[in-house]
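*Asks:* Sequence below, structure please.
(one chain, ligands or ions: 1)
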Amino acid sequence: MASLGATLLSGCGSQQLVTFGDMASGFNREVAFMSIFAIALSVIIFVAVSYALFFTVNKFREDKNTDAPAQFHGNNRLELILVVVPVVIVMFLAVLTVRSMAILNPVAEQTTKIDVLGRQFWWNFSYPETKADAGGDVTNGNEMVMPTKQPVALTITSGDVIHGFWAPNIGGQRAAMPGALKTWNVDTDRAAVYQGNCTQLCGGSHANMRYKVVALDQERYTTFLAAAKAYRAPEPAEGSAEARGYELFMKGNPATGALACAACHRVQGTTAAGAAGPDLSFFGTRRTLGAGMWEAMTPEHWEAPDAKAHLHAWIKHSPKVKPGSLMPTYDGSEYEVNGKLVKGGVLTDEQIDDVAAYLRTLKLPEEADYWNNTP
Ligand code: CUA
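*Replies:* Residues are numbered from 1 along each chain as shown. The predicted structure follows:
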C-alpha cells in the first residue's frame, strides 16, 4: 500500500505534498495497520447483517404465503452470543489501539522536541533544546523544520482559542488547546516539504492559518539548527534603506501613531522581543507570507515584483489582506482591537518599503536554508 490518498498539489522546486495516509510516516503506517482490522471487521459485520436482513425479508414476503415466523420471547444462548461477540470485537480493537499507542507515544529523553504554538491566525515553532545554553532561542513562524527518520515530539498549545494541528504526511491531527500542553510524536522517512493546516474553526481567517513542514535529513537538520542557534540578525549598513527600515521596525513612527513592529514581533539577536505576532527572525529565509496566504518556491522569491507587492500590502494593511488579522494598519485605516475599531498609524509607501527591505535581510546562512532540503 503505497498511499491511501491522492497527491492534491505538486509544485516545482521543492516537493509539495498533501497526501492523506502517507506511508512514509511510521505514525501513518501504524494507523493504516489498525484501520485494516477495523475496516475488515466492519465489512464482515455489514455483509452478515445485510444478508440476514435480506434473507428474512425475502423468506417472509407476503406473496410467498408462508406461515408467520417463529414467535418466541427470550433466548439465553442467542443473547449471550449477541453480548459476547461485540465484546470480543471491541476488546480486540482496544488491544490493537493500546499496542499502537505504546509504540507511538513514548517521548524518549533524546527525542527531538519542537514546541508548537497556535494563535489567531499563525503558528510559532520553537526548538527547546536551543534554550539550554547561551545560544539563540530558536523560533520560526509558520514554517516548521524537522529531522527525518525519527520520532519528533511536538508539544502543542494555543495562545487564544482552540486550533487544530494537522500535517497529514507526518501523522494524525491534534487539538491545540489554550492552557494545555499536549505532547505527541510525528515522523517521516522522506525529506520533503509538506502542507499543514489548522483544522478547528477558529475565526475569520481559519482557512488562512496554514504552515509548511520542512523535513530535512539528519545532517542538514543539524546544520540548520546549529546555524539558527548561532544566528544574530545582521546589522544594516548606516544610511541604507535597511537601516531606515530597522529604525521603523524597532520604534515605529510616534509622530504619526505608527506602532513599532518590535512590540509584537521577535527578531533573534535584536531587542525586538514581542510575542503577540509570529517570530520574524528568519523572515528572509521563509518562503511563505501571512501563514501561507502567499507562497513562492524560488530562491529569489523576495526579490520578485509580486512578492514585493504582497509584502508591501501586508505591512500596509494586513487586516484587508487577511480577514481577522490582528496586526495594526499603517495606512491610517481602521482595524479591530478587542472588538473595537481603532485608527492605524501611518507609514509612507517609502517607509513601508524600507521596513520590507529590512525584513528581507533576516536570513539564515546559505547552508542552513532549509528550503534547499534535498541533498
Ligand atoms: Cu486556527 Cu482554525
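
*Asks:* got the domain boundaries for this structure?
*Replies:* Listed domain ranges for the chain are 26-61+74-104, 112-230, 241-366 (source: automatic domain parsing).

*Asks:* Pick the most buried one from those.
*Replies:* Counting by mean count of other CB atoms under 10 Å, domain 112-230 has the highest mean neighbour count of those, with a mean of 20. (C-beta placed from N, C-alpha, C; glycine too.)

*Asks:* give me every residue that touches Ser25.
*Replies:* Residues counted as contacts of Ser25 (CB atoms under 8 Å, 6 or more residues apart in numbering) are 169-171, 186-189.

*Asks:* can you pull the pLDDT of it?
*Replies:* Per-residue confidence (pLDDT) for Ser25: 93.

*Asks:* ok, it to Ala32 distance?
*Replies:* 10 Å (CB to CB, to the nearest Å).

*Asks:* Also Gln200?
*Replies:* Taking CB to CB, one finds Gln200 at 24 Å from Ala32.

*Asks:* all strands of the stretch 101-250 of the chain, in order?
*Replies:* 112-119, 122-126, 139-141, 143-147, 152-158, 163-166, 174-176, 182-186, 193-198, 210-216 (DSSP state E, counting those that start in this stretch).

*Asks:* Take the first one, keep the C-alpha atoms, and write them as CSV.
*Replies:* This file holds the C-alpha atoms of strand 112-119, laid out as CSV (Å, rounded to 0.1, in the frame of the first residue of the first chain):
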residue,chain,number,x,y,z
THR,A,112,14.0,15.9,19.0
LYS,A,113,11.4,18.2,20.5
ILE,A,114,9.5,21.1,18.9
ASP,A,115,7.1,23.4,20.7
VAL,A,116,4.1,24.4,18.6
LEU,A,117,2.0,27.5,19.4
GLY,A,118,-1.2,28.2,17.5
ARG,A,119,-2.6,31.8,17.5
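
*Asks:* So which residues lie in contact with that strand, not counting its own?
*Replies:* By CB under 8 Å, 6+ apart, strand 112-119 touches 107, 123-129, 144, 146-147, 150-160, 163, 165, 176, 198, 202, 209, 221, 278.

*Asks:* Please go through the protein and pick out the longest helix.
*Replies:* Counting residues, the longest helix found in the chain (DSSP state H) is helix 26-59.

*Asks:* helix or strand for the nearest residue to Ala38 once chain neighbours are set aside, which one?
*Replies:* Once flanking residues are discounted, Ala38 sits nearest to Leu93: 6.2 Å by CB to CB, 6 or more residues apart in numbering. Per DSSP states H and E: Leu93 is located in helix 76-104.

*Asks:* dump the residue contacts of the closest residue to Trp302 other than its chain neighbours.
*Replies:* Nearest non-adjacent residue to Trp302, counting by CB to CB, 6+ apart: Arg360, 4.7 Å away. For Arg360, the contacting residues are 283-284, 302-303, by CB under 8 Å, 6+ apart.

*Asks:* Among the residues you listed, which lie within helices?
*Replies:* Here DSSP H is the test, and the contacts of Arg360 give no hits in helices at all.

*Asks:* Could you single out the nearest of those residues to the ligand?
*Replies:* Nearest to the ligand among the contacts of Arg360: Phe283, at 21.3 Å, using CB to the nearest ligand atom.

*Asks:* That closest one: what's it in contact with?
*Replies:* Contacts for Phe283 were tallied using CB under 8 Å, 6+ apart; they are 141, 359-360, 362.

*Asks:* Get me the contact residues on this structure for the ligand.
*Replies:* Counting by CB under 6 Å from any ligand atom, the chain comes close to the ligand at 118, 121, 163, 198, 200-202, 206, 209.

*Asks:* Which pair of those spans the longest distance?
*Replies:* With CB to CB as the measure, no two of these lie farther apart than Gly118 and Leu201, at 12.9 Å.

*Asks:* low-confidence ranges in this protein?
*Replies:* Low-confidence regions of the chain, defined by pLDDT under 70, span residues 1-20, 132-136, 374-375.

*Asks:* Shouldn't Asn314 be within a helix?
*Replies:* Quick fix: residue 314 reads Trp, not Asn. Yes. If the criterion is DSSP: H, G, I helix; E, B strand; the rest coil, then Trp314 is within a helix.

*Asks:* Find the nearest non-adjacent residue to it, please.
*Replies:* With sequence-adjacent residues excluded and distances taken as CB to CB, 6+ apart, Trp314 is closest to Val321, at 5.6 Å.

*Asks:* any idea how far the one you found is from Ala309?
*Replies:* To Ala309, Val321 is 11 Å away according to CB to CB.

*Asks:* Repeat that for Thr130.
*Replies:* Distance from Thr130 to Ala309, by CB to CB: 34 Å.

*Asks:* Give me the nearest residue to Val31, chain neighbours excluded.
*Replies:* Going by CB to CB, 6+ apart, Val31 has Gly172 as its nearest residue, at 6.4 Å.

*Asks:* wouldn't the one you found be in contact with Met34 here?
*Replies:* No. If you go by CB atoms under 8 Å, Gly172 and Met34 don't touch, sitting 11.2 Å apart.

*Asks:* all helices of the stretch 151-300 of the chain, in order?
*Replies:* Taking DSSP state H, counting those that start in this stretch as the criterion, the stretch 151-300 of the chain carries its helices at 218-230, 241-251.

*Asks:* which residues sit against the first one?
*Replies:* For helix 218-230, the surrounding residues in contact (CB under 8 Å, 6+ apart) are 112, 127, 129-130, 135-136, 138, 140, 145-150, 191, 216, 281-282, 364-365, 367-368, 370, 373, 375.

*Asks:* hmm, 7 Å instead?
*Replies:* With CB atoms under 7 Å, 6 or more residues apart in numbering as the test, helix 218-230 has contacts from 127, 130, 135-136, 138, 145, 147, 216, 364-365, 367-368, 370, 373.
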